[in-house]
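A.B. asks: below are the sequence and a predicted model for it; my questions follow.
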Amino acid sequence: MTRAGKNTMFRALLIGPALLAITVFMIVPLGLMAYISFRERDYSGGVLWDQFSAEAYVRLFFERELDGTLALNFNYMFIILRSVWLSFLTMVISLAVGLPVAMFMATRDRKWKAVLVFMVTLPFWTNLLVRNYAWILLLRDHGTINSTLMWLGIISEPLPLLHNAFAVAVGLTYSFLPFMVLPIYSSLEKMDFRLVEASFDLYANRWQTIRRVILPLALPGIVAGCVLVFVPALGAYITPELLGGGKTLMIGNLIGFQFGAARNWPFGAALGLFLLTMVLVSLALYARRYRGELEGSQ
Amino acid sequence: MRLNPFRSRAFPGDARHWPGLFTATAAFFAYVYLPILILVALSFNENRTVTVWTGFSLDWYKMAFANRDIVSAATNSLIIASIASVTATTLATLAALRMASNDRFLGKTGINAVFALPITVPEIVPAVATLMFFASLGLTFGLGTVIIGHIVFCIPFAYLPIRARLEGMDPKIGEAAADLYANPIQAFWRVTLPQLVPGILSGLVLAFIISLDDFVTTFFLGGAGSTTLPIYIFGLVRTGVTPEVNAISSLMLLLSLSLVSLSLFLGRDQNRKSGPD
């Protein structure tokens, strides 16, 4: 065998198994999902494989009346918009919180930096379900927050903190905050803070320094952090399920519902494909943006 | 880097002492850790009403360990996480060995994108797609289908630290081994692999935690007899909060925290060896 041929075979033997696993059990299923989204629904839960249908996509906007006529129905669009809005809100809050924290971390001594990074990373590796459940204990009618406020005499009736959009926003922010802090930190960590001193020497004030010196240098981290928070928030399942209490649904829950009680595979598949597309578009925009940043800095 | 030590702390150009940074960071850590601490504290509360502290008790832990469903869920979690993390790490190590080398070949970028795919897409999408795939094949949902799902999403978590470790290794050491008449197989077993072990272990532990903590994939690909701890807790939480849940949740937290500390410790070790920084 030629050297090149041997090389190719060796490569295939090493990379092949992992590539095959992801291809067969992830990429092929995603392709199948796209195919199923254009099939006719089988009311017993499966799919009528031989019948093309765009019904799943029609369903996003319309409701079919008993006599077969279509009526506009924005219920599903509303859930999608709520998902985008809540994810966007999560991203903005995370950025507002994450930026000063990352800034604080980046200006510490090396020993402290390592400790702080460890402390930020730690909660991320603990169970997402457990972390969201902890918020139920805090937000319930007789939970920690309401009990404390009532004990202090600030309120006399428990505030409705759980099972609404507020609770979902709190849970999502809590779940994905480390994804915002860490990339911004790694951008700022490389920064030479003597630039800040230089900026003050040139009579810039604090706000001008933040806007003209720190933010441009932190930008790659900010953009990465925004993508890393927005994308998983958009597809969240556990948080809206537990903290939204079945009332504040997001796309993830709507997809899950189609494979449970609703038994509508093509519609679930269409929603899944829609979510996948939104995520891939966000990632593509990020890749383009980020490449621009790299070229700009050269 | 040291800023001028003769400047007063109040010098506005010293970014270390800007007002608000410390307060924001303190508030951030309180926000992140307080819910977890409250959960753990309440798991030792003797009272049934959960949120009012009345006294210390280990009853909920005793109840959790005496509950057969919980023990079998924990067993399932460990079986799935062990098989999935070992398989994923093996596949990831093999792939990383080839992908970390400097040579370019057609499709290398594409293959890297495929390896990152399971962590870039929201989990619910591949979970339901695989559900439809397995159902179309006529497979019975249970431990087997869950394990396959877990292997796939564990691959990137094992792959990334191993590849990073390989890329940080000094190629000269391999060349030195060749100079000393080691054949490629000897060089691999005696030189490359021992250096790679911290990376492999770090990847293995991360994959194990990720699998142990998974809810979504397990929920959609599971069937009778494949209930894991997160699935069990989810069921309990949906029907109402009981102090037992606090106890199991605290135990899961403890397990994840110990494992991640172990993994980060291994990762720290690898940084120290691979560079002067």
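C.D. replies: Good, I have the coordinates.

A.B. asks: make it CA atoms for all contacts and neighbour counts henceforth
C.D. replies: OK.

A.B. asks: most centrally placed residue in chain A?
C.D. replies: Residue closest to the average C-alpha location in chain A (Cα atoms, centre = their mean): A:Pro232, at 2.0 Å.

A.B. asks: tell me which element it falls in.
C.D. replies: Per DSSP states H and E: A:Pro232 is located in helix A:215-234.

A.B. asks: just checking, next helix/strand downstream of that helix?
C.D. replies: Sequence order places helix A:238-243 as the next helix or strand after helix A:215-234, per DSSP H and E.

A.B. asks: that next one - contacts with which helices or strands?
C.D. replies: With contacts defined as 3 or more Cα pairs under 8 Å, 6 or more residues apart in numbering or on different chains; DSSP states H and E, the packing partners of helix A:238-243 are helix A:128-139, helix A:165-189.

A.B. asks: and what about the closest residue to the residue nearest to the centre of chain A other than its chain neighbours, helix, strand or coil?
C.D. replies: Distance criterion Cα to Cα, 6 or more residues apart in numbering or on different chains; nearest residue to A:Pro232, sequence neighbours excluded, is B:Pro122 at 5.5 Å. The assignment at B:Pro122 comes out as coil when based on DSSP: H, G, I helix; E, B strand; the rest coil.

A.B. asks: now for residue 224: which residues touch it?
C.D. replies: The chain I'm using is chain A. Counting by Cα atoms under 8 Å, 6 or more residues apart in numbering or on different chains, A:Ala224 makes contact with A:180, A:183-184, A:286.

A.B. asks: correction: the question concerned chain B.
C.D. replies: B:141-142.

A.B. asks: is it true that B:Val32 touches A:Tyr174?
C.D. replies: Yes: counting by Cα atoms under 8 Å, B:Val32 does reach A:Tyr174; the two are 7.0 Å apart.

A.B. asks: element containing the closest residue to chain B within the stretch 151-298 of chain A?
C.D. replies: Here the stretch 151-298 of chain A gets closest to chain B at one residue, A:Glu197, 4.4 Å apart by Cα to the nearest Cα. Using DSSP H and E, the element containing A:Glu197 is helix A:194-201.

A.B. asks: can you count the residues close to B:Glu123?
C.D. replies: B:Glu123 has 20 neighbours, counted by other Cα atoms under 10 Å in any protein chain shown.

A.B. asks: could you double-check that it sits in contact with B:Asp214?
C.D. replies: No: if you go by Cα under 8 Å, B:Glu123 and B:Asp214 don't touch, sitting 9.8 Å apart.

A.B. asks: now the single longest strand found in chain A - C-alpha only, CSV.
C.D. replies: As assigned by DSSP state E, the longest strand anywhere in chain A is strand A:47-52. Only the C-alpha atoms of strand A:47-52 are listed here, as CSV (Å, rounded to 0.1, in the frame of the first residue of the first chain):
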residue,chain,number,x,y,z
VAL,A,47,-46.2,9.5,10.5
LEU,A,48,-47.8,8.6,7.2
TRP,A,49,-44.6,8.1,5.3
ASP,A,50,-46.0,8.1,1.8
GLN,A,51,-47.9,11.4,2.0
PHE,A,52,-46.4,14.8,1.5
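
A.B. asks: paired strands for it, with orientation please.
C.D. replies: Sheet pairing for strand A:47-52, assigned by DSSP bridges, gives strand A:39-41 (antiparallel).

A.B. asks: so for the strand it pairs with, mean pLDDT?
C.D. replies: The pLDDT scores in strand A:39-41 average 85.

A.B. asks: quick one: distance of that strand to the chain centre.
C.D. replies: Centre-to-centre, strand A:39-41 and its host chain are 30 Å apart (Cα atoms, centre = their mean, to the nearest Å).

A.B. asks: which residues sit against that strand?
C.D. replies: For strand A:39-41, contacts defined as Cα under 8 Å, 6+ apart pick out A:47-55, A:264-266.

A.B. asks: closest one to chain B out of those, please.
C.D. replies: Nearest to chain B among those, counting by Cα to the nearest Cα, is A:Trp265 at 8.0 Å.

A.B. asks: how about low-confidence regions in the chain?
C.D. replies: By default, I'm working from chain A. For chain A, the stretches flagged by pLDDT under 70 are A:1-6, A:289-298.

A.B. asks: was after chain B, sorry
C.D. replies: Counting by pLDDT under 70, the low-confidence segments of chain B come to B:1-13, B:15, B:48-52, B:267-277.

A.B. asks: all helices of it, in order?
C.D. replies: Applying DSSP state H to chain B gives helices spanning B:21-43, B:59-66, B:68-99, B:108-120, B:124-137, B:143-167, B:171-179, B:184-187, B:193-213, B:216-221, B:229-239, B:243-274.

A.B. asks: can the last one be found next to chain A?
C.D. replies: Pointing back at helix B:243-274 there. Yes: judged by Cα under 8 Å from any Cα of the partner chain, helix B:243-274 comes into contact with chain A at B:249, B:252-253, B:256-257, B:260-261.

A.B. asks: kindly report the same for the fifth one.
C.D. replies: Yes: using Cα under 8 Å from any Cα, we find that helix B:124-137 touches chain A at B:124-126, B:128-130, B:132-133.

A.B. asks: for B:Trp53, which of the helices of chain B is the nearest?
C.D. replies: Between B:Trp53 and these, the tightest spacing by Cα to Cα is seen for helix B:21-43, at 7.3 Å.

A.B. asks: pull the CA atoms of the closest one into PDB?
C.D. replies: What follows is helix B:21-43 as a C-alpha-only set of coordinates in PDB (Å, rounded to 0.1, in the frame of the first residue of the first chain):
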ATOM      1  CA  LEU B  21     -16.800  46.300  40.600                       C
ATOM      2  CA  PHE B  22     -16.400  44.700  44.000                       C
ATOM      3  CA  THR B  23     -20.000  45.200  44.900                       C
ATOM      4  CA  ALA B  24     -21.200  43.800  41.600                       C
ATOM      5  CA  THR B  25     -19.000  40.700  42.000                       C
ATOM      6  CA  ALA B  26     -20.100  40.100  45.600                       C
ATOM      7  CA  ALA B  27     -23.700  40.400  44.500                       C
ATOM      8  CA  PHE B  28     -23.000  38.000  41.600                       C
ATOM      9  CA  PHE B  29     -21.600  35.300  43.900                       C
ATOM     10  CA  ALA B  30     -24.400  35.700  46.400                       C
ATOM     11  CA  TYR B  31     -26.900  35.300  43.600                       C
ATOM     12  CA  VAL B  32     -25.100  32.200  42.300                       C
ATOM     13  CA  TYR B  33     -24.400  30.400  45.600                       C
ATOM     14  CA  LEU B  34     -27.300  31.500  47.800                       C
ATOM     15  CA  PRO B  35     -30.000  29.300  46.200                       C
ATOM     16  CA  ILE B  36     -27.700  26.300  46.400                       C
ATOM     17  CA  LEU B  37     -26.900  26.900  50.000                       C
ATOM     18  CA  ILE B  38     -30.500  27.300  50.900                       C
ATOM     19  CA  LEU B  39     -31.400  24.100  49.200                       C
ATOM     20  CA  VAL B  40     -28.700  22.200  51.200                       C
ATOM     21  CA  ALA B  41     -29.700  23.900  54.400                       C
ATOM     22  CA  LEU B  42     -33.300  22.900  54.000                       C
ATOM     23  CA  SER B  43     -32.400  19.300  53.300                       C
END
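
A.B. asks: is it true that the residue nearest to A:Pro232 touches A:Gly235?
C.D. replies: Yes: counting by Cα under 8 Å, B:Pro122 touches A:Gly235, with 5.0 Å between them.

A.B. asks: which of those two has more neighbours?
C.D. replies: A direct count of neighbours by other Cα under 10 Å for B:Pro122 and A:Gly235 places A:Gly235 higher, at 25 against 22.

A.B. asks: so who does the more buried one touch?
C.D. replies: Contacts for A:Gly235 (Cα under 8 Å, 6+ apart) come out as A:250-252, A:275, B:122-124.

A.B. asks: and the residues you listed as TSV, adding distance to A:Asp201?
C.D. replies: TSV is the format used below for those (distance: Cα to Cα, whole Å):
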residue	distance to A:Asp201
A:Met250	50
A:Ile251	51
A:Gly252	51
A:Leu275	49
B:Pro122	47
B:Glu123	50
B:Ile124	52
